[in-house]
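Sequence and predicted structure below; questions after.
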Amino acid sequence: MEYHLMNRDSSFFQEFNAPKTFHEILNEHGYDAVFWAKALAMYWYDRTGQEVDWLATPAGADLAYRLCWEFSDCGMHRNIYEMFDLAAEEAFPDSGQ
């Protein structure tokens, strides 16, 4: 199965423009690694203009699944953008972003 970035006008992207916490989004999406991989791809594209398929490599897939667990542990305390920044920095430590 291929995973593509969604159009910026989609309801998926609109959801991340809302000031939601991870806890609120987890209540809707839970441990859905494909959802989180797409969300990270869209966030990374918005920051850098680079398209990244977060599930294309074992390391990227591991990151998406691990994020599901980290979000469930930290969801009440962290902002979605803060967590995405941490994930992007970990995945691309030399990017300077």
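Looks like it came in fine. Numbering: from 1, shown residues only.

Show me the shaky parts of the chain.
Of all residues in the chain, those with pLDDT under 70 make up the ranges 1-33, 54, 57-81, 83, 88, 91-97.

do that again at 80, thanks
Low-confidence segments of the chain, defined by pLDDT under 80: 1-48, 50, 52-97.

Residue 51 should be in a strand, yeah?
No: according to DSSP: H, G, I helix; E, B strand; the rest coil, residue 51 belongs to no strand; its state is coil.

What number of residues are in the vicinity of it?
11 (other CB atoms under 10 Å). In this view, the C-beta of every residue, glycine as well, is placed from N, C-alpha and C.

can you tell me how far residue 45 sits from residue 39?
According to CB to CB, to the nearest Å, residue 45 and residue 39 sit 11 Å apart.

quick one, which of these two is more surrounded?
Set residue 45 next to residue 39 and count neighbours by other CB under 10 Å: residue 39 wins out with 24 against 15.

mind checking which helix or strand that one is in?
In the assignment (DSSP states H and E), residue 39 maps to helix 33-48.

Sort out which residues of that helix are buried, please.
Residues 33, 35, 36, 37, 38, 39, 40, 41, 42, 43, 44 are the ones in helix 33-48 that count as buried (16 or more other CB atoms under 10 Å).

tell me what it is packed against?
Other elements packing on helix 33-48 under the criterion 3 or more CB pairs under 8 Å, 6 or more residues apart in numbering; DSSP states H and E are helix 11-15, helix 58-74, helix 80-91.

now could you export just the CA positions of it as PDB?
Only the C-alpha atoms of helix 33-48 are listed here, as PDB (Å, rounded to 0.1, in the frame of the first residue of the first chain):
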ATOM      1  CA  ALA A  33       0.500   4.400  13.000                       C
ATOM      2  CA  VAL A  34      -0.500   5.200   9.500                       C
ATOM      3  CA  PHE A  35      -2.400   8.200  10.700                       C
ATOM      4  CA  TRP A  36       0.600   9.400  12.700                       C
ATOM      5  CA  ALA A  37       3.000   8.800   9.800                       C
ATOM      6  CA  LYS A  38       0.800  10.900   7.500                       C
ATOM      7  CA  ALA A  39       0.500  13.600  10.100                       C
ATOM      8  CA  LEU A  40       4.300  13.700  10.500                       C
ATOM      9  CA  ALA A  41       4.700  13.800   6.700                       C
ATOM     10  CA  MET A  42       2.400  16.700   6.400                       C
ATOM     11  CA  TYR A  43       4.100  18.600   9.300                       C
ATOM     12  CA  TRP A  44       7.500  17.900   7.800                       C
ATOM     13  CA  TYR A  45       6.400  19.100   4.400                       C
ATOM     14  CA  ASP A  46       4.900  22.300   5.900                       C
ATOM     15  CA  ARG A  47       8.200  23.000   7.600                       C
ATOM     16  CA  THR A  48      10.700  22.000   4.900                       C
END
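
Thanks a lot, catch you later.
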